[in-house]
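Undergrad: sharing a model prediction with you, sequence too.
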Amino acid sequence: MRRLRHLRDDRGAAAVEFALVLPVLLLLIFGLMEFGRLYNVQISLSNAAREGARTMAIENSPVAARAAAVAAAPSITPVISTSQIAISPNTNCVPGSTATVVITYTVALMTGWFGPNLTLTGTGAMRCGE
């Protein structure tokens, strides 16, 4: 009787199952965290580009448009630099034309499992005031 019980002993099975499931679980958790962070940065970039385009369309000033774009994304760290912001047209926004702001930002990933970094782009366009 004792011999049969010994053959069916499953002590340690939970530890083995946990060891098999843990890598998949960690990949899912870190993947969700990474995706959520990237999605937040993408939304902030789009909002900043839209605000920069709006400022360019109203004030017709690339300097003010760049400042508005940087100010519209306070949650992005490191802060967006003015060299990452492209404005078209870059000098004069003729009434009826379209002012376009494109922000290109490189995000360093937390885990490095999906690559060292990822480049995101936010675009905003507004018709220039008349």
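TA: That came through, no problem.
Undergrad: OK, contacts around Leu109?
TA: 34, 115-118 (C-beta atoms under 8 Å, 6 or more residues apart in numbering). Bear in mind the C-beta positions are built from the backbone N, C-alpha and C, glycine included.
Undergrad: what distance do you get for it to Leu28?
TA: 16 Å (C-beta to C-beta, to the nearest Å).
Undergrad: ok, then the element right after the single longest helix found in the chain?
TA: Secondary structure assigned by DSSP state H gives helix 13-59 as the longest helix of the chain. Remark: after helix 13-59, the chain's next helix or strand is helix 62-71, criterion DSSP states H and E.
Undergrad: count the neighbours of Leu38 for me.
TA: Using other C-beta atoms under 10 Å, the number of residues around Leu38 comes to 16.
Undergrad: so it touches Leu118, yeah?
TA: Yes: counting by C-beta atoms under 8 Å, Leu38 does reach Leu118; the two are 6.6 Å apart.
Undergrad: any common contacting residues for these two?
TA: Val107.
Undergrad: coming back round to it: make a markdown table out of the contacts of Leu109 and add distance to Ala99 and secondary structure.
TA: Below are the contacts of Leu109 laid out as a markdown table (distance: C-beta to C-beta, whole Å; DSSP: H, G, I helix; E, B strand; the rest coil):
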| residue | distance to Ala99 | secondary structure |
| --- | --- | --- |
| Glu34 | 33 | helix |
| Gly115 | 33 | strand |
| Pro116 | 34 | coil |
| Asn117 | 29 | strand |
| Leu118 | 27 | strand |
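Undergrad: so can I have a markdown table of those residues showing pLDDT, distance to Ala19 and neighbour count?
TA: Formatted as a markdown table, the contacts of Leu109 follow (pLDDT from 0 to 100; distance: C-beta to C-beta, whole Å; neighbours: other C-beta atoms under 10 Å):
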| residue | pLDDT | distance to Ala19 | neighbour count |
| --- | --- | --- | --- |
| Glu34 | 92 | 24 | 18 |
| Gly115 | 86 | 27 | 8 |
| Pro116 | 92 | 29 | 8 |
| Asn117 | 93 | 31 | 11 |
| Leu118 | 93 | 31 | 15 |
